[in-house]
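Novice: after the sequence you'll find the predicted model.
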Amino acid sequence: MDKTMTMKDAIASFVHDGDTVSLEGFTHLIPTAAGHEIIRQGRRNLTVVRMTADIVVDQLLAGGCVTKLVSSFVGNSSAGSLGELRRRIESADPEPLEFEEYSHYGMICRYLAGAQRLPFHPLRSYAGSDLPSVNPGIRKVTSPYPGPDGGAEEIYVVPPVNPDVTIVHAQRADRSGNTQVWGLTGVQAEAVYAAKKAVVVVEEIVEDEVVRSDPNRTVIPSHAVHAVVACPRGAHPSFAQGYYDRDNAFYRSWSHISKDPARLRDWMAEWVYGTRDHAEYVAKQGEEFWAELAVGEAMSLPVNYGRRL
């Protein structure tokens, strides 16, 4: 089945006002272009689930799209702060943001529980933490099995998360949605399986034979995917292993842009609202800009999967 769609059509079909939307990609393969299209289409009252709430979340907030954030980290990826997010949380400016915080592993467990349709997922790492005191979703249950000392043991648990839609970025997929990722793989697969619908954005769509030649690189299989969108350079300013490098200069500049609401509005007007789609965003940057982010080859060695003679 051919599941390819344009970005505009995929967002229109699968992201609706009031939805819970997961946007995953850990440092690598962040679905920025999808976030921009959500902003262009004026989605409202979204709950965004993202382990590392970073620049794309700051931009979605600036676009008025988000009323609740579920995350385990907020920040500009070690390069500064997120001005819009800070204004919303610290002073409810221009309006408040509901924030639900977990640890990184707590978020992973929520995705695992969601993907496996479990009522909760246990973990030990909240012992001694103050997170349970600020998040009532983190609870304790009594294990049905004896603990190390033979007595009843209490353990922390987190609830599942089942987004209405998960959107991830990847290097390549075939037309039916078999999606291949290498480098940092993050929790893309778990986030996709936890969701009701899934949109995969890729650097390129390849023929079935390419995917079949290296099946172990298929992190997300086609049966879990509802739409495939080809969007080269769609993870910028993050990177796509083997395609382009991280735009560190942009990360450093974002703190200054987002700190000033007027400057942030100007940036959004020029680079998001002022571009029809991501292809226009890419063209506006210019080839010299992209040449600076080009990467050389570091090819993996062939693997012999074997075949019948």
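Specialist: That came in fine, so what should we check first?
Novice: where along the stretch 1-150 of the chain do the helices fall?
Specialist: With DSSP state H, counting those that start in this stretch as the criterion, the stretch 1-150 of the chain has helices at 7-14, 32-40, 55-62, 83-91, 104-115, 131-134.
Novice: now the last one: how far from the chain's centre is it?
Specialist: The offset between the C-alpha centroid of helix 131-134 and the centroid of the whole chain comes to 25 Å, using Cα atoms, centre = their mean, to the nearest Å.
Novice: before we move on, back to that, JSON lines for the helices of the stretch 1-150 of the chain, including mean neighbour count and mean pLDDT?
Specialist: Every C-beta, even on glycine, is put in place using the N, C-alpha and C of the backbone. Shown next, in JSON lines, are the helices of the stretch 1-150 of the chain (neighbours: other Cβ atoms under 10 Å; pLDDT from 0 to 100):
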{"stretch": "helix 7-14", "mean neighbour count": "19", "mean pLDDT": "98"}
{"stretch": "helix 32-40", "mean neighbour count": "24", "mean pLDDT": "98"}
{"stretch": "helix 55-62", "mean neighbour count": "26", "mean pLDDT": "98"}
{"stretch": "helix 83-91", "mean neighbour count": "19", "mean pLDDT": "96"}
{"stretch": "helix 104-115", "mean neighbour count": "22", "mean pLDDT": "98"}
{"stretch": "helix 131-134", "mean neighbour count": "12", "mean pLDDT": "94"}
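Novice: distance to A224 for these - can I get that in JSON lines?
Specialist: Listed next are the helices of the stretch 1-150 of the chain as JSON lines, based on distance: least, Cβ to Cβ, whole Å:
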{"stretch": "helix 7-14", "distance to A224": "14"}
{"stretch": "helix 32-40", "distance to A224": "17"}
{"stretch": "helix 55-62", "distance to A224": "22"}
{"stretch": "helix 83-91", "distance to A224": "30"}
{"stretch": "helix 104-115", "distance to A224": "9"}
{"stretch": "helix 131-134", "distance to A224": "30"}
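Novice: S258 is nearest to which of these?
Specialist: Counting by Cβ to Cβ, S258 lies closest to helix 83-91 out of the helices of the stretch 1-150 of the chain; the figure is 3.2 Å.
Novice: helix, strand, or coil at P160?
Specialist: The three-state label given to P160 by DSSP: H, G, I helix; E, B strand; the rest coil is coil.
Novice: wait, doesn't it sit right on F120?
Specialist: Yes. At 7.0 Å, P160 and F120 qualify as touching, with contact defined as Cβ atoms under 8 Å.
Novice: give me the common contacts of the two.
Specialist: Any residue near both P160 and F120 by Cβ atoms under 8 Å, 6 or more residues apart in numbering counts here, and that gives A113.
Novice: next, give phi and psi for the closest residue to Q171 other than its chain neighbours.
Specialist: Nearest residue to Q171 in three dimensions, chain neighbours excluded: E203, at 5.3 Å (Cβ to Cβ, 6 or more residues apart in numbering). Backbone geometry at E203, expressed as degrees, to the nearest 10, gives phi -70, psi -40.
Novice: just the pLDDT for E203.
Specialist: At E203, the pLDDT value in this model is 98.
Novice: correct me, but it touches Y243?
Specialist: Yes. If you go by Cβ under 8 Å, E203 and Y243 touch, sitting 5.1 Å apart.
Novice: and for those two, which residues touch both?
Specialist: Joint contacts of E203 and Y243 (Cβ under 8 Å, 6+ apart) are 171, 232-233.
Novice: out of E203 and Y243, which sits in the busier spot?
Specialist: Neighbours per residue, other Cβ atoms under 10 Å: of E203 and Y243, the larger number sits with E203, 22 against 18.
Novice: that one: what's it in contact with?
Specialist: With contact set as Cβ under 8 Å, 6+ apart, E203 has these partners: 170-172, 230-234, 240, 243.
Novice: gap between the two ends of stretch 185-205?
Specialist: Terminal residues of stretch 185-205 are spaced 18 Å apart (Cα to Cα, to the nearest Å).
Novice: how about stretch 118-127?
Specialist: Span of stretch 118-127 from end to end, Cα to Cα: 22 Å.
Novice: and that stretch, what's buried?
Specialist: When burial is assessed from 16 or more other Cβ atoms under 10 Å, stretch 118-127 yields the following buried residues: 120-121, 123, 126.
Novice: before we move on, back to that, in a markdown table: the contacts of E203, plus secondary structure, pLDDT and distance to L112.
Specialist: Conversion of the contacts of E203 to a markdown table gives the following (DSSP: H, G, I helix; E, B strand; the rest coil; pLDDT from 0 to 100; distance: Cβ to Cβ, whole Å):
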| residue | secondary structure | pLDDT | distance to L112 |
| --- | --- | --- | --- |
| A170 | strand | 98 | 20 |
| Q171 | strand | 98 | 24 |
| R172 | strand | 98 | 26 |
| A230 | strand | 98 | 30 |
| C231 | coil | 98 | 28 |
| P232 | coil | 98 | 32 |
| R233 | coil | 98 | 31 |
| G234 | coil | 98 | 27 |
| A240 | strand | 98 | 25 |
| Y243 | coil | 98 | 29 |
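Novice: I am finished for the moment; much appreciated.
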